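Chemist: task: produce atomic coordinates for the following.
(chains A and B)
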Amino acid sequence: MEPPPRFRLLKQPLSSYQDGSNIVYYLPESKQTLMLPIVASEILAKLSAAFPASIRLDSLYDSNSSKQTRKTVKKIVNVFSDIGLTEELE
Amino acid sequence: MKLAEVESAQLSHLLQGEGLIVQTGRFTSRINSSSENISNDILTLYGNTDFIESKLYDFNVEINPGKGLRKWLRPQITFSFSSIQPFTPLPANQATPMLEWGLNWCVSNHYHQNIIIHAAVLEKNGKALILPGQPGAGKSTLCAALAYSAGFRLLSDELTLIELDGSKVNPNPRPVSLKNKSIDIIREMVPGILCTETVHDTQKGSVSLFRPADKAVENANKPAKPGIVLFPKFNPDIAEYELIEVSRPHALVELANQSFNYPVLCQQGFEALSAFIDSSQCFRLEYNGDLAKAIEIIEDLMLYE
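Modeler: Numbers count the residues shown, from 1 in each chain, chains lettered A, B, ... in the order given. So this is what the prediction gives:
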């Protein structure tokens, strides 16, 4: 069985705005505005806390998290990678 | 002295000579034109603004007939801003709509002291009502109905100017541009309202411009505080209406997408919108064209704290 992928934070979004359900990031380099479920802020906080080290995908959710939550976390981390906030390590 | 009190010969002389300086909303524009219809339309649309004798202005624009063969064969009109022509020429009978579209372009491309949203905005009891919307969403019709028949003060039918600290919306009261069926709806709703003749076959369909009420012009320096952001959607197929609350993050993203100068202001723009949204309530209203009902709902929303 392959080990879960690892992710490393490359940079922080500059500004954010959130309510109880969603968070909006402003990404200065691409001048993009991106809205994600609020759980993205927790993921970003964990990636920041680990910086400059990488963090395993399965460390980004609890061991008792539902399958749906795991899927959401994976999607968010992929979005972070797509916009250049994180990199996936081999 | 108001512009309407100036002799038409003097206006034409200024327009064709040194330029007529007009209070076009929040800004002053030096307008130069030898187009035949412009003088009367400026009186119709800006007659209730002060006649400006000063030589200071924000925008220097010209609206003139095409040159050479285009003066005679399918005559055209050109819009210039400080000698730059940002648009392709249009048929000559579209001179006044082109002037108004050009003035909007001047503001949205050059005024970055505020974040500018593509949205109508009105005020009641000091609170702003912002109506962002894609073309066809019914924002201008709703804006006109609120401004001309429900006691709302027009701040702008097209450009919402928000201070960079997000604390207030600045007025830019200029003529309301209505299209197609909306023109007759508002003319019937407000008999005797001052507006230009309808110009057909423009890129936006049939267009007529309506003079803002005196109250809007006289209070052109009086900002409004954040209030309601309402995303209207005209849908003739629904039975009545549907009103839903929109989350602030969703509204923030929609406003950012509809901002003209967000990519210029960058983080400053994001922070302005965040602060503004934080003080606003956001809704989406789908309505079937029943303006009386829509106005009733909006008036109740404006009481929402």
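Chemist: burial count for A:K67?
Modeler: 7 (other C-beta atoms under 10 Å in any protein chain shown). All C-beta atoms are positioned from the backbone trio N, CA, C, and that covers glycine.
Chemist: likewise B:E242?
Modeler: Number of residues near B:E242 (other C-beta under 10 Å) recorded here: 13.
Chemist: is it true that it touches B:F283?
Modeler: No: judged on C-beta atoms under 8 Å, B:E242 makes no contact with B:F283 at a distance of 10.4 Å.
Chemist: endpoints of stretch A:59-73, how far apart?
Modeler: Looking at stretch A:59-73, the gap from its leading to its trailing residue is 10 Å under the measure C-alpha to C-alpha, to the nearest Å.
Chemist: also stretch B:76-92?
Modeler: Criterion C-alpha to C-alpha; first-to-last residue distance in stretch B:76-92 is 4 Å.
Chemist: and it, how far out from the chain middle?
Modeler: For stretch B:76-92, the gap between its own C-alpha mean and the chain's C-alpha mean amounts to 20 Å (C-alpha atoms, centre = their mean, to the nearest Å).
Chemist: pLDDT below threshold where in the chain?
Modeler: Picking chain A for this. Per-residue confidence of chain A (counting by pLDDT under 70) places the weak regions at A:90.
Chemist: if you could check chain B rather than the one you did, that'd help
Modeler: Counting by pLDDT under 70, the low-confidence segments of chain B come to B:305.
Chemist: those residues of it touching chain A, which are they?
Modeler: In this structure, chain B approaches chain A at residues B:247-250, B:252-253, B:256-257, B:262-263, B:266-267, B:270-271, B:274, B:277-278, judged by C-beta under 8 Å from any C-beta of the partner chain.
Chemist: which other helices and strands contact the longest helix seen in chain A?
Modeler: Assignment by DSSP state H gives helix A:67-82 as the longest helix of chain A. Applying 3 or more C-beta pairs under 8 Å, 6 or more residues apart in numbering or on different chains; DSSP states H and E, we find helix A:67-82 packed against strand A:6-9, strand A:32-37, helix A:39-50, strand A:86-89.
Chemist: got a list of contacts for the third one?
Modeler: Applying C-beta atoms under 8 Å, 6 or more residues apart in numbering or on different chains, the contact partners of helix A:39-50 are A:7-9, A:12-13, A:16, A:18, A:23, A:25, A:55, A:59-60, A:69, A:72-73, A:76-77, A:79-80, A:85-86.
Chemist: of the residues you listed, buried ones?
Modeler: Neighbour counting with 16 or more other C-beta atoms under 10 Å in any protein chain shown marks A:7, A:9, A:13, A:16, A:18, A:23, A:25, A:55, A:60, A:72-73, A:76-77, A:80, A:85-86 as buried within the contacts of helix A:39-50.
Chemist: re the thing from before, just want the angle from the longest helix of chain A to helix A:39-50.
Modeler: On the basis of axes from the mean of the first three to the mean of the last three C-alpha atoms, to 10 degrees, helix A:67-82 is oriented at 60 degrees to helix A:39-50.
Chemist: that older thread, quick one: which of the helices and strands packed on helix A:67-82 is nearest B:R74?
Modeler: strand A:32-37 (43.6 Å; C-beta to C-beta).
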